[in-house]
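Asker: Fold the following and give me the result.
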Amino acid sequence: MQAVLLFTYSLCLAVASLAKDPRPCKSPPLLEGRLALAILKEKTFAVEKFAYNAFDERVHVRVLLDKDNKTIYRDLLMLYREGIAFEIFRHNQTCTKVPFKDPWKPMEIPKDAKFLSQMIIGSFSPSAEGLLINNWSGEVAKPPLKYLISFTEFGCLPVHAWYDTPDQTLLSVSFFDIVIGVEDPNIFIPPSFCDKVELSSEREMTNFFDALMR
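Answerer: Residues are numbered from 1 along each chain as shown. Model (predicted):
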């Protein structure tokens, strides 16, 4: 009887939550976890460990990239406020330093995003076997993209995102193993062997995806 009551209570909570449209939200300022990125048109796939720092507007990504039947390992440190990105190759302690032209975009649901639906991944089980998420859609001007994003209802953590570019390149980003906070704050500081590297005048990175997929 108790199990039935618990199930009924959980179901009522879910229905009550589904009855109201959620509001846009912002993720915690310090996060780390993993993400899987796929560019379907180019048959490119990457698995990355990421660290996110909204206080200093910095993102660190450790990339394992499978592109054109080649596997590439590198670290990418994007310093949005400074307008600089570092490509770091730890196996031989080398790096490149390039201009980074992407304005800071916090991990959040944009205020002009359109709420689409709310759903549970898993089940309504009272033993916490389901994850309540909200789905949103919208567009951004630079770079021009249409998006469909999913965030958790509680905690406002990213779950999945689809991005559609003007040339009809479809990008899929899945987030997992997210932890609130950052274990090693030094991950956002370029290693010492990058100190004397000059800023490149021959190339630049224009946005987050351009940086990841180079």
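
Asker: just the helices in the chain please.
Answerer: With DSSP state H, the ranges of helices along the chain come out as 2-19, 208-213.

Asker: Could you tell me the least trusted of these?
Answerer: Summarising mean pLDDT across those, the least confident stretch is helix 2-19, with a mean of 40.

Asker: tell me the domain ranges of the protein?
Answerer: The chain resolves into domains spanning 31-105+181-213, 107-177 when parsed by automatic domain parsing.

Asker: To Arg23, which of those lies closest?
Answerer: domain 107-177 (8.2 Å; Cβ to Cβ). Bear in mind the C-beta positions are built from the backbone N, C-alpha and C, glycine included.

Asker: What mean pLDDT does that closest one get?
Answerer: Per-residue pLDDT values across domain 107-177 average out to 88.

Asker: how distant is that domain from the center of its chain?
Answerer: Domain 107-177 has its C-alpha centroid displaced from the chain centroid by 10 Å (Cα atoms, centre = their mean, to the nearest Å).

Asker: Can you give me the end-to-end span of it?
Answerer: Chord length of domain 107-177, first to last residue, is 16 Å (Cα to Cα, to the nearest Å).

Asker: which parts of stretch 182-199 are buried?
Answerer: Of the residues in stretch 182-199, Val182, Ile187, Phe188, Pro190, Cys194, Val197 count as buried by neighbour count, 16 or more other Cβ atoms under 10 Å.

Asker: In TSV: those residues, plus pLDDT.
Answerer: Output for those, formatted as TSV (pLDDT from 0 to 100):
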residue	pLDDT
Val182	96
Ile187	94
Phe188	96
Pro190	94
Cys194	92
Val197	92
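
Asker: Can you tell me which of those is closest to Glu153?
Answerer: For Glu153, the closest of the buried residues of stretch 182-199 turns out to be Val182, at 23.8 Å, with distances computed as Cβ to Cβ.

Asker: Can you give me the buried ones in stretch 199-211?
Answerer: By 16+ other Cβ under 10 Å, the buried positions in stretch 199-211 come out as Met205, Asn207, Phe208, Phe209, Ala211.

Asker: The fourth one reaches Leu171, doesn't it?
Answerer: Yes: Phe209 sits in contact with Leu171 when judged by Cβ atoms under 8 Å, with a separation of 6.4 Å.

Asker: Give the residues shared as contacts by the two.
Answerer: Counting by Cβ atoms under 8 Å, 6 or more residues apart in numbering, the shared contacts of Phe209 and Leu171 are Tyr163.
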